[in-house]
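Asker: Generate a structure from the sequence data that follows.
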Amino acid sequence: MHQLNSIVELCSQGRRLLTLALALTVWLVPIPIHGQHAEGDQLSREVLPPRLGAAWRALGESRSLDAEKVTVLQDADLYLEYGLQRLITQAYTSGREKVTVEMFEMKYPAGAYGLYTFNRGSLSPDRQEFHVGRYLVSLTAGSEGGTIDPGLIEALRQQLASGEVELPPLPDNLPAQDKVAATEKYVVGPAGLSRIPAFSDLKEVIGFTGGAEAALAAYEHAGGQMSLAIIEYHTPQLASDAYARLKGHVESLSQEEKGQRLLKRVGNYIVEAVGVRDVEAAQALIGKIKYTPRVYWEGRKVTAIPLPFRAPDPVALEEAAQTAHILVTTFLAIGVLLIGAIGVGIVTGGAVFYWRRYRRRKLGIDEFFSDAGGTVRLNLDDYLLSASDPQQPKLVGKGD
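Answerer: Numbering: from 1, shown residues only. Purely as a prediction, here's the structure:
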């Protein structure tokens, strides 16, 4: 009976310990979340600091939305298509004016550039946008019809400056002749394409898998405007399949719509013109488009790319510089320690030698031979050499 009571008591203590452990676990769970919020707020303050320039200061705390929460925004699918990672919002004031700054942090600089080109031309008069690196910055004046201080824009540019970045080269292949200014758009998916009226019907036709991209612009054409699109595919097979789908789509249109379209393949480019009124002029404009191939090396490692064609890897260069610095510092430290050890040995040995010599002189035994270690030499010369002829050794004869 006593053993049974002991077992019951142990089980009761075990349940209490388990309950306590569960309570501690539940209590500690919010700690990492709070840490993540603090880290996010710190990053937001680094991107949009409390003060910008000499006149602008922040109003209140900044707000941040990550990629999982931007779905609450209008046109969220478009932002995510361009690679939106985070949205930071902060209001600034200079005392008399108020400006709201929205910072769209994209995954790549190409996404920030593409979103900038897409929004360009549709902004209200009290709003301005620019892109720097991976960031698209949108500024909205606090009052209707207000203007944006150029000094604030310059301060934001300097805050986000990150050196030169490589932008998509495809928009540069759009012909410059008769192009309407500021109408170029860089599109990377169906969400952006569906919002362009001239090419919205191609949303289900053009596939953007495999890294396809498109550049579009408007052109002055026969007294009106014509829209031109260049879609680039990275392999001839993908380009052939896309061209066949587009050609089938054009053939399915009415005769009137078909007469206003012109479709052509140029290398891995597929070029389509919409709103054609003069076929010869449109063909002459499309003829100015030249395919500029880019080489892609297959392989899972950087070593698969021939050395002359490898782009410098900033991370690898930084690691190599750090490694070289560590090696040079290590060998330098070893050399200093080695030289120091030799110097200390010489000084210490010399000091001991001369101290012992000084002691021998003081004791009056300096005329007797002794090495630095203080050992005494056994001198047998008087017993082995003849006194009459020092050159003649005394030899112990046989039987002596």
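
Asker: Going by C-alpha atoms from here, please, whenever you check contacts or count neighbours.
Answerer: Fine.

Asker: buried stuff in stretch 66-85?
Answerer: Across stretch 66-85, burial judged by 16 or more other Cα atoms under 10 Å covers Ala67, Val70, Asp77, Leu78, Tyr79, Leu80, Glu81, Tyr82, Gly83, Leu84, Gln85.

Asker: and the third one, what pLDDT?
Answerer: If I follow you right, that is Asp77. On pLDDT, Asp77 comes in at 92.

Asker: That one: helix or strand, and which one exactly?
Answerer: helix 76-81 (DSSP states H and E).

Asker: for the last one, same thing?
Answerer: Under the criterion of DSSP H and E, Gln85 resides in strand 84-93.

Asker: Show me what that strand is packed up against.
Answerer: If you count contacts as 3 or more Cα pairs under 8 Å, 6 or more residues apart in numbering; DSSP states H and E, strand 84-93 packs onto strand 56-66, strand 98-106.

Asker: Against which helices or strands is the helix holding Asp77 packed?
Answerer: helix 190-193.

Asker: what's in contact with the helix it packs on?
Answerer: With Cα atoms under 8 Å, 6 or more residues apart in numbering as the test, helix 190-193 has contacts from 77-78, 81, 118, 187, 199-200, 202-204, 206-208.

Asker: Mind checking the pLDDT average for it?
Answerer: For helix 190-193, the mean confidence score works out to 94.

Asker: which helices and strands does the next helix-or-strand element following it pack with?
Answerer: Counting by DSSP H and E, the next helix or strand C-terminal to helix 190-193 is strand 213-221. Contact partners of strand 213-221 among helices and strands, from 3+ Cα pairs under 8 Å, 6+ apart: strand 185-187, strand 224-232.

Asker: winner for burial among the ones you listed?
Answerer: Ranked by mean neighbour count, the helices and strands packed on strand 213-221 are led by strand 185-187 with a mean of 25 (mean count of other Cα atoms under 10 Å).

Asker: other SSEs contacting that one?
Answerer: Using 3+ Cα pairs under 8 Å, 6+ apart, strand 185-187 sits against helix 109-119, strand 213-221.

Asker: In the shortest one, which residues are buried?
Answerer: In this case it means strand 213-221. In strand 213-221, counting by 16+ other Cα under 10 Å, buried: Glu213, Ala214, Ala215, Leu216, Ala217, Ala218, Tyr219, His221.

Asker: Apart from its chain neighbours, what residue comes closest to the fifth one?
Answerer: Distance criterion Cα to Cα, 6 or more residues apart in numbering; nearest residue to Ala217, sequence neighbours excluded, is Glu184 at 4.4 Å.

Asker: In contact with that neighbour, which residues?
Answerer: Thr117, Pro171, Ala215, Leu216, Ala217, Ala218.

Asker: still on that earlier bit, quick check: of the buried residues of stretch 66-85, which lies closest to Ala110?
Answerer: Of all the buried residues of stretch 66-85, Ala110 sits closest to Tyr82, with 8.1 Å by Cα to Cα.

Asker: what's near enough to touch the residue lying closest to the closest one once chain neighbours are set aside?
Answerer: Excluding the flanking residues, the one nearest Tyr82 by Cα to Cα, 6+ apart is Gly111, at 4.7 Å. Gly111 makes contacts with Tyr82, Gly83, Leu84, Arg134, as judged by Cα under 8 Å, 6+ apart.

Asker: Now pLDDT too, for the residues you listed, in CSV please.
Answerer: Formatted as CSV, the contacts of Gly111 follow (pLDDT from 0 to 100):
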residue, pLDDT
Tyr82, 95
Gly83, 94
Leu84, 94
Arg134, 92
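
Asker: closest to Tyr269 among those?
Answerer: Tyr82 (21.1 Å).

Asker: Can you name the residues that contact that closest one?
Answerer: Met106, Gly111, Ala112, Gly114, Leu115, Val188 are the contacts of Tyr82 under Cα under 8 Å, 6+ apart.

Asker: repeat that for 10 Å
Answerer: 106-115, 186-189, 191-192 (Cα atoms under 10 Å, 6 or more residues apart in numbering).

Asker: among those residues, which ones are buried?
Answerer: Counted by 16+ other Cα under 10 Å, those give 106-115, 186-189, 191-192 as buried.

Asker: Mind picking the two most distant members of the residues you listed?
Answerer: Pro109 and Ala191 (18.9 Å).

Asker: what's the model's confidence in the lengthiest helix in the chain, averaged?
Answerer: The longest helix of the chain (DSSP state H) is helix 314-363. Mean pLDDT, helix 314-363: 90.
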